[in-house]
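K.L.:
No letters, just coordinates:
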């Protein structure tokens with residue numbers, strides 16, 4: 001066997017890929033071949049140096065780059081979202097004041113019994129709860145999706161009953177005007193529940209892959225083959241058979 005073939009086996013031994021029989025045969029060849037012995041010592045030194053070489057120290061430029069970078073400007077989407085949340089906070093404060101004022105007033109109902117007074121207080125409690133919900137969403141910048149189902153049912157029922165009371169003449173126009181704050185606040189929450197107005201979300205159509213997120217891993221990826229120190233030239237037959245296998 002020529003020295004090139006033995007050096008191929010010695011290179012595989014340095015990479016931990018040689019079999020036991022190949023390693024024993026290569027050691028026997030090194031005992032009688034000074035050229036291969038010198039080549040093996042040089043290859044072992046280069047391999048050891050490559051594995052233990054420290055990365056050069058480079059200056060940390062993160063602070064200087066961040067200092068030179070211009071301050072980030074809020075996007076138009078973020079400015080609009082902040083404006084909507086500010087409006088929602090104002091509506092929540094108005095709704096809360098209306099509810100508290102309603103609690104402090106005497107009930108103006110046709111029936112003077114206790115059930116009418118309780119219905120008045122129940123309506124005031126709803127106004128306070130809705131105002132507190134508006135303020136919570138506006139201050140915490142949380143997603144209002146969890147409040148929308150209940151609030152939508154409340155608004156839909158209130159609109160139907162208000163239309164009926166307006167037709168039958170059982171409600172004053174000033175009372176209906178006070179419901180406008182609730183309707184506007186519900187509309188703002190409906191807009192803020194959309195994905196492109198949520199904080200930290202990606203706008204629709206951006207940053208989304210069109211392919212499927214599910215992948216099937218049939219087998220583990222093969223480890224990369226380490227670099228071997230062999231002289232350039234045509235590979236012997238044994239090397240071609242090993243690479244083909």
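P.N.:
The structure has been received and is ready for your questions. These numbers come from a predicted model, not from an experiment.

K.L.:
For the residue in the chain sticking out farthest from the centre, list the residues it contacts.
P.N.:
Distance from the centre of the chain peaks at residue 32, with 63.5 Å (C-alpha atoms, centre = their mean). If a contact means C-beta atoms under 8 Å, 6 or more residues apart in numbering, then residue 32 has no contacts. For every residue, glycine as well, the C-beta is placed using N, CA and C.

K.L.:
Tell me the spacing between it and residue 9.
P.N.:
15 Å (C-beta to C-beta, to the nearest Å).

K.L.:
And the protein, what are its domain boundaries?
P.N.:
For the chain, the structural domains run 1-53, 76-197, going by automatic domain parsing.

K.L.:
Would you tell me which helix is longest in this structure?
P.N.:
Longest helix of the chain, by residue count under DSSP state H: helix 76-104.

K.L.:
Packing partners of that one?
P.N.:
Helix 76-104 makes packing contacts with helix 114-140, helix 173-192 when contacts are defined by 3 or more C-beta pairs under 8 Å, 6 or more residues apart in numbering; DSSP states H and E.

K.L.:
If you average pLDDT over each of those, which is lowest?
P.N.:
The weakest mean pLDDT among the helices and strands packed on helix 76-104 belongs to helix 114-140, with a mean of 80.

K.L.:
and it with helix 76-104, angle?
P.N.:
150 degrees (axes from the mean of the first three to the mean of the last three C-alpha atoms, to 10 degrees).

K.L.:
just the angle between helix 114-140 and helix 173-192, please?
P.N.:
30 degrees.

K.L.:
what sits up against the helix or strand just after helix 114-140?
P.N.:
Using DSSP states H and E, the helix or strand that follows helix 114-140 in sequence is helix 148-168. Residues outside helix 148-168 that contact it (C-beta under 8 Å, 6+ apart) are 126, 130, 133, 171, 176, 179, 182, 183, 186, 189, 190, 193.

K.L.:
Using neighbour counts, pick out the buried residues of helix 148-168.
P.N.:
For helix 148-168, a neighbour-count test (16 or more other C-beta atoms under 10 Å) marks 148, 151, 155, 162 as buried.

K.L.:
Next: stretch 87-103.
P.N.:
In stretch 87-103, counting by 16+ other C-beta under 10 Å, buried: 88, 89, 90, 91, 92, 94, 95, 96, 98, 99, 102.

K.L.:
For it, give me every contacting residue.
P.N.:
Counting by C-beta under 8 Å, 6+ apart, residues outside stretch 87-103 touching it are 120-121, 123-139, 178, 181-182, 184-185, 188-189, 192.

K.L.:
and with 7 Å instead?
P.N.:
121, 123-124, 127-128, 130-132, 134-135, 137-139, 178, 181-182, 184-185, 188-189 (C-beta atoms under 7 Å, 6 or more residues apart in numbering).

K.L.:
Can you report phi and psi for residue 171?
P.N.:
phi -140, psi 140 (degrees, to the nearest 10).

K.L.:
and it, how many neighbours does it have?
P.N.:
If you count neighbours by other C-beta atoms under 10 Å, residue 171 ends up with 16.

K.L.:
before we move on, what about residue 128?
P.N.:
Residue 128 has 18 nearby residues by other C-beta under 10 Å.

K.L.:
give the contact list for it.
P.N.:
So residue 128 contacts 96, 99, 100 (C-beta under 7 Å, 6+ apart).

K.L.:
Excluding residues flanking it in the chain, which one is nearest the second one?
P.N.:
The reference is to residue 99. residue 127 (3.2 Å; C-beta to C-beta, 6 or more residues apart in numbering).

K.L.:
Could you measure from the one you found over to residue 157?
P.N.:
According to C-beta to C-beta, residue 127 and residue 157 sit 15 Å apart.
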